[in-house]
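A.B. asks: make a model of this:
(one chain, ligands or ions: 2)
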Amino acid sequence: MRFLHLSDVHVTADYRRHSLVRLGWRRWLALGELTFGGRARAFARAPETITRILEDARTLEVDHVILSGDVTAYALPAEFDGARAAMGQWAEEPRRCTVIPGNHDRYTPGAHRTRRFEQTFGNLLVSDLPDIAVEEGFPFVRLLGEHDAVIGLQSARVPYFPGLSYGIVGRKQRDALAALVHRPELEGRAVLVVVHHAPFGELGKPDRLLHGLVDAPAVLALIPGERFALLHGHIHQRYHFPATDRRPHIFGAGSSTQAGHEGYWIIETAGGRIARCEKRSLTG
Ligand SMILES: [Fe+2]
Ligand SMILES: [Fe+2]
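C.D. replies: Numbers count the residues shown, from 1 in each chain. Ligands and ions are numbered 1, 2, ... in the order given. Below is the predicted model:
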């Protein structure tokens, strides 16, 4: 089965068209990052780039597209609408598409309380084993064909203060994952586990404090070996670490739409294991 993994597409609204009152104080702090930090410019063409990547998915005969969070800049409704429109038909089909939320999609308490991510992509959060969900529908699992499965985890939380962008899967979801990988329904399948935060960066070192996946070692230890892959985003670095007998394959998708860094992974499975992968860049 052929998977396409993209991440951190950060569809960004025109913030000049929103009043400061409606943006709320958390986004005021983000305005500097958007303007002076060049972030709005870097992601100005995000919807077009998503469309281009999904055209590649058709050309390459991809079976399933995985987007590992940060679909928006700062969780505005217009950004969710833009991301949903850019995903097109793929976002209609849970058998062919998986999307999980990133910290930018849970940027404000209001966005979380009103289930803004779920209102947009909730149809993709369905699970073939709903009894294993322990937290807001997570983990969910999609059993694909005879030999593959995708598991979605939630690591993105509303931060106590903007800029605190660490994530945690947490004990309840980890226990559910531990039980899930031993269920007979998953026996012999290649399993792609999707989480937003990064267990470590492209140099193999833990992500920095207050930015990383707090319980990364505990999560990785649950899914060791060639059968498993952990697919993540968040750190905007595209890399692959092969599996060992103590941890799974690890794929960082980078930011698939950031100007000058556009790209994604193609990951192929065969016979219940990760068989091949290819890092693809749109920048030549
Ligand atoms: Fe991101
Ligand atoms: Fe992120």
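
A.B. asks: pretty sure Leu192 sits in a strand.
C.D. replies: Yes: assigned with DSSP: H, G, I helix; E, B strand; the rest coil, Leu192 falls within a strand.

A.B. asks: what does the protein put close to ligand 2?
C.D. replies: 70, 102-103, 234 (Cβ under 5 Å from the ion). C-beta here means a position set from N, CA and C on the backbone, and glycine is covered the same way.

A.B. asks: close to ligand 1, is the longest helix seen in the chain?
C.D. replies: What stands out as the longest helix in the chain, according to DSSP state H, is helix 46-59. No: remark: helix 46-59 sits outside contact range of ligand 1, by Cβ under 5 Å from the ion, the gap being at least 11.3 Å.

A.B. asks: so which helix or strand takes in the residue of the chain found nearest ligand 2?
C.D. replies: Using Cβ to the ion, the single residue of the chain nearest to ligand 2 is His234, 3.7 Å away. Assigning secondary structure by DSSP states H and E places His234 outside every helix and strand.

A.B. asks: so how many other residues sit close to Leu125?
C.D. replies: 20 (other Cβ atoms under 10 Å).

A.B. asks: surely it meets Gly152?
C.D. replies: Yes: under the criterion of Cβ atoms under 8 Å, Leu125 makes contact with Gly152 at 7.1 Å.

A.B. asks: what sits in contact with each of these two?
C.D. replies: Jointly contacting Leu125 and Gly152 under the rule Cβ atoms under 8 Å, 6 or more residues apart in numbering are Phe140.

A.B. asks: related to what we said a few turns ago, a markdown table for the residues of the chain next to ligand 2, including distance to ligand 1, secondary structure and neighbour count?
C.D. replies: Converted to a markdown table, these look like this (distance: Cβ to the ion, whole Å; DSSP: H, G, I helix; E, B strand; the rest coil; neighbours: other Cβ atoms under 10 Å):
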| residue | distance to ligand 1 | secondary structure | neighbour count |
| --- | --- | --- | --- |
| Asp70 | 4 | coil | 29 |
| Gly102 | 6 | coil | 30 |
| Asn103 | 8 | helix | 24 |
| His234 | 6 | coil | 30 |
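
A.B. asks: in TSV, list these along with distance to Val11 and pLDDT.
C.D. replies: As requested, these are exported to TSV (distance: Cβ to Cβ, whole Å; pLDDT from 0 to 100):
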residue	distance to Val11	pLDDT
Asp70	10	98
Gly102	12	97
Asn103	15	95
His234	16	96
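
A.B. asks: and these as a markdown table, adding distance to Asp56?
C.D. replies: As requested, these are exported to a markdown table (distance: Cβ to Cβ, whole Å):
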| residue | distance to Asp56 |
| --- | --- |
| Asp70 | 20 |
| Gly102 | 22 |
| Asn103 | 27 |
| His234 | 23 |
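
A.B. asks: tell me which residue is most central in the protein.
C.D. replies: Ser68 (1.0 Å; Cα atoms, centre = their mean).

A.B. asks: give me every residue that touches it.
C.D. replies: Counting by Cβ under 8 Å, 6+ apart, Ser68 touches 5-8, 100, 102, 194-196, 231-234, 253.

A.B. asks: now swap in His232 and tell me
C.D. replies: His232 neighbours (Cβ under 8 Å, 6+ apart): 7, 68, 194-199, 213, 250-253.

A.B. asks: in its sheet, what does the stretch of helix or strand Arg280 belongs to sit against?
C.D. replies: In the assignment (DSSP H and E), Arg280 maps to strand 273-281. Next to strand 273-281 in the sheet, as set by DSSP bridges, lie strand 263-270 (antiparallel).
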